[in-house]
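**Q** here's a sequence, model it:
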Amino acid sequence: MLLQTSHKTPVGELYLMSDEHILLGAGFRSFGDLTSRMDEADSSREIKSVRNIPIISDLVKDYFDGDLNAMNGIKVRQPGGEFFQSVWKVMRKIPAGKTMSYAELAERAGSENAVRAAGSACARNLIAPIIPCHRIVKSGGALGNYGYGLGVKETLLRFEGALK
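**A** Model (predicted):
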């Protein structure tokens, strides 16, 4: 059985779905948006709405209360090929308050020529902001795109101290 809950944040409602203590989906749209992008084996399971997901809810709250490293302790799982998994792993290593270009992300994920694929991995990320695709920017420093809108990306980067 999957667990789902949502939390009010400074950038809007954050929707969370987990398999016990492993986060399968997080985002700022809706539960339906998350389940529509999850692996079918997970999305077809029974879902129970809860007030809090043990451990995960506390770490999300701690992050938005100012402990910018709190969400690093959340275990995650999402569907995607080997390169996407590498990209998401690299993203999780970007410290709060720092950014990385799409080109550097592709290189660190193992394929410097796969800048577009790295961008696609950002777009397909099902666990934002825990897998912090908001920390990926264009080579010249422009914010680039963000699935939940540039306002949310900018607010998260300011909150983390990456933008003044």
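**Q** center of this structure, which residue is that?
**A** residue 128 (2.0 Å; C-alpha atoms, centre = their mean).
**Q** show me the contacts for that one.
**A** 26, 27, 28, 134, 147, 148 (C-beta atoms under 8 Å, 6 or more residues apart in numbering). C-beta coordinates here come from the backbone N, C-alpha and C atoms, glycine included.
**Q** which one of those has the most neighbours?
**A** residue 134 (29 neighbours; other C-beta atoms under 10 Å).
**Q** was I right about it contacting residue 153?
**A** Yes: counting by C-beta atoms under 8 Å, residue 134 touches residue 153, with 4.7 Å between them.
**Q** can you list residues touching both of the two?
**A** Counting by C-beta under 8 Å, 6+ apart, the residues touching both residue 134 and residue 153 are residue 146.
**Q** domain ranges for this structure, per the record?
**A** The chain breaks down by automatic domain parsing into domains covering 2-76, 82-160.
**Q** for the ones you listed, give me a markdown table that also has mean pLDDT.
**A** Converted to a markdown table, those look like this (pLDDT from 0 to 100):
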| stretch | mean pLDDT |
| --- | --- |
| domain 2-76 | 97 |
| domain 82-160 | 96 |
